[in-house]
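> Need coordinates for the below:
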Amino acid sequence: MSSRLPPVRVARAATSARTAMQGLTRRMVPPQVGVLELVSGLIGANTAYALARLGVADELAAGPRTGADVAAGLGTHPDATHRLMRAAAGLGLLRQDGDTFALTPLGQTMRSDVDGSMRAVVLMIGDPRYQSVWGRLPEAITTGTAQAEAVHGMSMWELLDRERDYADIFHEAMSRLTALDWPTVAAAYDFAPFRRIVDVGGGQGQLLALMLGAAPQADGVLLEQHALLPVAERRLREAGVLDRCRLEAGSFFDRVPDDGDLYVLRRVVHDLDDDRALALRSTVRDHAPADATLLLMEGVVAPGSGPDFTKSLDLDMLLFVGGRERTEQEYAALLERAGFRMTRVVPTISTISLVEARPAA
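Numbers count the residues shown, from 1 in each chain. Predicted structure coming up:
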């Protein structure tokens, strides 16, 4: 366990304490006020999006400035810029002192040029192409079907194929979230014993590079769409592991490499309904060696009524791709149908868990 990260039980206790405080705060105001504060989260999200989209945090990187100074650098309206920054200060993104504003630690993550930047994630979530689909949540609940096509005239995957600007934001956000989860994953799971790690649907190679860094004796295989392989090749080269990698273009519904001893799927299965998830895992079962390990990096829906980001992400999966998040019992049942035996579920202190399985005898 990394010394920088608390044990899972400690992190969960801290989360429970924070949740209890939030619940107490809600109970201290009339229910109507609580509901107003809840739905006003939309305003906060859009304020953060405007801050990221316009590059306000980058303008403040050198130190405190007035709204007029920032507006001059960005070419925006001075008064409107001041008002945006004042609202952002109320959210804790900026700190206001008279007419000047400075970045808080939260606001520093909105810069484009820092390690740990969350700017791409904010740009993805705040983009009108994302927000407009969430506007059809009632229709998704009524029909039980994804709504991206009703909004955009095409599936979410087709939208990413056709609108490269949004695809670039999306894939950068996914890489950023992979990096965000990685310390908690590395603290909870030992990749060193494996000799060939296959990242199925591995995007731009971020996760494979990290896993190979944690398993210096291993080589890796990245299976992904052809369009993403050039970026993946560059990232793997920058990470110094390209000479240990093989890149393969293809669909994981058709086949996966047959020479791995660890097959990793990160946030892939939640994109799929049960039938397609079963088809994917069956493909892995048909091609993987009999002694291979399957590792799913996914959110696992917690029991009870407490706050759980995975429960909210479940609605996101329904809306955009018709997928779903699953409980531990649902993962076990789905794996069994695909010819696997779930061996354990390893929690982390982030929103991701590690569902490990092996081919059934």
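> show me where the stretch 1-150 of the chain has strands.
Using DSSP state E, counting those that start in this stretch, the strands of the stretch 1-150 of the chain run over residues 65-66, 94-97, 100-103.
> Which residues belonging to the last one are considered buried?
Same thing as strand 100-103. For strand 100-103, the neighbour count (16 or more other Cβ atoms under 10 Å) marks 100-101, 103 as buried. The C-beta positions use only the backbone N, C-alpha and C, and glycine is treated the same way.
> same check, this time on stretch 231-243
231-233, 235-236, 239, 241-242.
> any idea how far it is from the chain center?
Between the centre of stretch 231-243 and the centre of its chain there are 21 Å (Cα atoms, centre = their mean, to the nearest Å).
> Put the alpha carbons of that stretch into PDB.
C-alpha atoms of stretch 231-243 as PDB (Å, rounded to 0.1, in the frame of the first residue of the first chain):
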ATOM      1  CA  VAL A 231      -1.800   8.900 -30.500                       C
ATOM      2  CA  ALA A 232      -1.300   5.800 -28.400                       C
ATOM      3  CA  GLU A 233       2.000   5.100 -30.100                       C
ATOM      4  CA  ARG A 234       3.200   8.600 -29.300                       C
ATOM      5  CA  ARG A 235       2.200   8.400 -25.700                       C
ATOM      6  CA  LEU A 236       3.800   5.000 -25.200                       C
ATOM      7  CA  ARG A 237       7.000   6.300 -26.700                       C
ATOM      8  CA  GLU A 238       6.900   9.300 -24.400                       C
ATOM      9  CA  ALA A 239       6.500   7.000 -21.500                       C
ATOM     10  CA  GLY A 240       9.500   5.000 -22.600                       C
ATOM     11  CA  VAL A 241       7.700   1.700 -23.000                       C
ATOM     12  CA  LEU A 242       6.900   1.500 -26.700                       C
ATOM     13  CA  ASP A 243       9.700  -1.000 -27.300                       C
END
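> So what touches it?
By Cβ atoms under 8 Å, 6 or more residues apart in numbering, the surrounding residues in contact with stretch 231-243 are 171, 175, 202-206, 208-209, 212-213, 220, 222, 224, 245, 247.
> Could you do stretch 169-189 as well?
With Cβ under 8 Å, 6+ apart, stretch 169-189 has contacts from 1-2, 4-5, 8, 116-118, 120-121, 123-124, 127, 160, 203-204, 206-207, 210, 214, 228, 231, 235, 266-267, 295, 297, 346-352, 354.
> Got a quick ChimeraX command for the buried subset of those?
Per 16+ other Cβ under 10 Å, the buried members of those correspond to this ChimeraX selection:
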select :5,8,117,118,120,121,123,124,127,160,203,204,206,207,210,214,228,231,235,266,267,295,297,346,347,348,349,350,351,352,354
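> Would you mind writing the CA trace of stretch 45-57 as CSV?
Output in CSV follows, covering the C-alpha atoms of stretch 45-57 (Å, rounded to 0.1, in the frame of the first residue of the first chain):
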residue,chain,number,x,y,z
ALA,A,45,-21.0,23.3,-13.6
ASN,A,46,-21.5,25.9,-16.3
THR,A,47,-19.5,28.5,-14.5
ALA,A,48,-16.6,26.1,-14.3
TYR,A,49,-17.0,25.2,-18.0
ALA,A,50,-16.9,28.9,-19.0
LEU,A,51,-13.8,29.4,-16.8
ALA,A,52,-12.1,26.4,-18.6
ARG,A,53,-13.3,27.2,-22.1
LEU,A,54,-12.2,30.8,-22.0
GLY,A,55,-8.8,30.0,-20.3
VAL,A,56,-9.3,32.2,-17.3
ALA,A,57,-7.1,30.0,-15.1
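> avg pLDDT for that stretch?
Here stretch 45-57 scores 97 as its mean pLDDT.
> Could you pull out the buried residues of it?
So, applying 16+ other Cβ under 10 Å, buried residues of stretch 45-57: 47-52, 54-57.
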